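**Q** 3D, please:
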Amino acid sequence: MATAQLVNLHRVAPEWHLSIVGILVMILDPFVSPRRKRWLGWLAFAGALAALLAVHRAYDSQGMAYDNLISTDVFSVFVHVVVILAAALSILGSIDYLEREGIQRGEYYALILFATAGMGILAGANELVTAFLGLEMSSISTYILVGFRRRSEPSNEASMKYFLLGSFATAFFLYGIAMVYGALGTTYIDKIQALLERPGGIPALAMLGLGLIFVGLGFKVLIAPFQVYGPDVYEGAPTPVTALLSSAPKVATFALMLRIFYVSFGMASDFWFWAVWISAVLTMFIGNLAALVQSNVKRMLAYSSIAHAGYILVAFAASTTLGIAAVLFYLAAYVLMKVGAFLIVTHLGQRGEARLDIRDYAGLGSREPVLAASFSLFLFSLLGLPATGGFLGKFLAFQSALDAHSAHGTAIIWLVVIAAINSVIGAYYYLRVIISMYFAQPSTDYTPSSVAPALGVAIFVAAIGTLYLGLLPAQVLEFARTAADSLPLH
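**A** Residues are numbered from 1 along each chain as shown. Below you'll find the model as predicted:
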């Protein structure tokens, strides 16, 4: 019995590392003077690194944990690495931001760690109610983080919108779980697959439940038509929180969607393919066309996040192992470029996030050339320029979809064509920022400030990672393929 419990702990090692350090930060917070609370941020960062190291322990102890509620496989390990990395970079980007804004508090870092632990549960959940618990653990923490600038009206508004719409989406997810259970008598993801393989076809109630689950999870990953809250929440949240919110929850939720749609309902791919197809088209067009008219950089990047969710759905629609690998690689590249971009916005926004207009970036290339070059790299990667992780992510997504044309016919080919058209549309608003930084007349009221060491390290890691995935992607791509192969597909 003791040995079994120890194995269970090893298989969820990242989660208990994150939770223990989060609790420790909250316990220490009242005893730390206001001038030293930034050290709680470093403790939280150390906890994230410890959780990252603990992923290796989970990798060495692969298998089911806690009566098959959690599946620790290569797929789960890949997602854990990406999510924890996003959290660690966001913590580094928060330390000096909170100091500047006068909101340096220990519970901020604890909430990031708790949210990350919830995302880890999502990544490995083999049972739908367990997935719900991970989703809520992550969501409740981020609801609070979004409203952490308590004296800011946009932050309070964003938190309220996120909470109300998030609760609404959670209801859809729960109703979907209930319907699947009512139709099949189980909520275990692997058992659902076996039950659907029995003669008699797929129960209509189970398919209705899958549709409701798609609505609930679609809200979390910002796919149309469930994306309406995104730009307001991303704009109102503290920018380091936006960096986390735009990346890590999307990775964990897409991971859960892959398990549910590919493992449990792989036999029903002809049904859910069209839901994914329509959502992908709407998501890409809404995200890109709305981003064209934005002057606020955070809102522009928010609509960009919506568009990228559409590109990920292109690979998702492939319904193949290569499609899973493409989704995972794309998510890894997306996290680095999106977190890096928002962390640069964190620094350039200055106190009170007063400088978020594209015109405020005029002349940045001459005044802060390193920051301008880094921001350009992230924007080029989001655009999908060669030699960046974003380019290879899009290439793999489109290639996996084209390779699946024999199963889905011309519909998936048209989906790739639409995605390519949207990539061209996206070039306009990314290049507009770059042109402003290098060719527009510098603003006279801007005083350059030195980049905090912690923030600089986070931006550097994101930039190196973006280039690494574009130039030397073999190891990560092989990791993604192994992760895809580890799923017990139909």
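**Q** and the worst-scoring helix or strand of the chain on mean pLDDT, what does it pack onto?
**A** Lowest mean confidence among the helices and strands of the chain (mean pLDDT, DSSP states H and E): helix 405-408, at a mean of 77. Using 3 or more C-beta pairs under 8 Å, 6 or more residues apart in numbering; DSSP states H and E as the contact test, no helix or strand touches helix 405-408. All C-beta spots, glycine's among them, are computed from the backbone N, C-alpha and C.
**Q** give me the mean pLDDT for the helix or strand just after it.
**A** As assigned by DSSP states H and E, the chain's next helix or strand after helix 405-408 is helix 410-439. Mean per-residue pLDDT for helix 410-439: 94.
**Q** could you export stretch 79-88 as PDB, CA atoms only?
**A** Provided in PDB are the C-alpha atoms of stretch 79-88 (Å, rounded to 0.1, in the frame of the first residue of the first chain):
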ATOM      1  CA  VAL A  79       2.100  19.500 -21.700                       C
ATOM      2  CA  HIS A  80       3.500  19.900 -18.100                       C
ATOM      3  CA  VAL A  81       6.800  21.200 -19.400                       C
ATOM      4  CA  VAL A  82       5.200  23.800 -21.600                       C
ATOM      5  CA  VAL A  83       2.700  25.000 -19.000                       C
ATOM      6  CA  ILE A  84       5.200  25.200 -16.100                       C
ATOM      7  CA  LEU A  85       7.700  27.100 -18.400                       C
ATOM      8  CA  ALA A  86       4.900  29.600 -19.200                       C
ATOM      9  CA  ALA A  87       4.200  30.100 -15.500                       C
ATOM     10  CA  ALA A  88       7.900  30.400 -14.600                       C
END
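**Q** what about it, distance to the chain center?
**A** 9 Å (C-alpha atoms, centre = their mean, to the nearest Å).
**Q** repeat for stretch 352-365
**A** On the basis of C-alpha atoms, centre = their mean, stretch 352-365 is displaced by 26 Å from the centre of the chain it belongs to.
**Q** got a list of contacts for it?
**A** Around stretch 352-365, the neighbours that count as contacts under C-beta atoms under 8 Å, 6 or more residues apart in numbering are 101, 238-239, 295-298, 300, 345, 348-349, 371-373, 375, 432-433, 436-438, 440-443, 446.
**Q** kindly report the same for stretch 148-165.
**A** By C-beta under 8 Å, 6+ apart, stretch 148-165 touches 101, 103, 108, 142-144, 146-147, 219, 228-229, 232-238, 241.
**Q** next up, phi/psi of residue 295, please.
**A** phi -110, psi -20 (degrees, to the nearest 10).
**Q** residue 441 looks like it's in a helix, true?
**A** No. Residue 441: not assigned to a helix; according to DSSP: H, G, I helix; E, B strand; the rest coil it is coil.
**Q** neighbours around it, how many?
**A** Residues lying near residue 441 (other C-beta atoms under 10 Å) number 9.
**Q** separation between the closest residue to it other than its chain neighbours and residue 231?
**A** Setting aside the residues directly before and after it, residue 441 is nearest to residue 362 in space (C-beta to C-beta, 6 or more residues apart in numbering), at 6.0 Å. Residue 362 sits 23 Å away from residue 231, going by C-beta to C-beta, to the nearest Å.
**Q** what about these two, which has more around it?
**A** residue 231 (24 against 21).
**Q** okay but that one is in contact with residue 305, surely?
**A** No. If you go by C-beta atoms under 8 Å, residue 231 and residue 305 don't touch, sitting 9.0 Å apart.
**Q** what ranges do the helices span in the stretch 201-350 of the chain?
**A** Under the criterion DSSP state H, counting those that start in this stretch, the stretch 201-350 of the chain contains helices at 204-220, 230-236, 239-245, 248-258, 269-292, 297-316, 321-348.
**Q** got the ones you listed as a markdown table, with distance to residue 483 and mean pLDDT columns?
**A** Output for the helices of the stretch 201-350 of the chain, formatted as a markdown table (distance: least, C-beta to C-beta, whole Å; pLDDT from 0 to 100):
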| stretch | distance to residue 483 | mean pLDDT |
| --- | --- | --- |
| helix 204-220 | 19 | 93 |
| helix 230-236 | 27 | 91 |
| helix 239-245 | 22 | 94 |
| helix 248-258 | 9 | 95 |
| helix 269-292 | 20 | 93 |
| helix 297-316 | 14 | 95 |
| helix 321-348 | 6 | 95 |
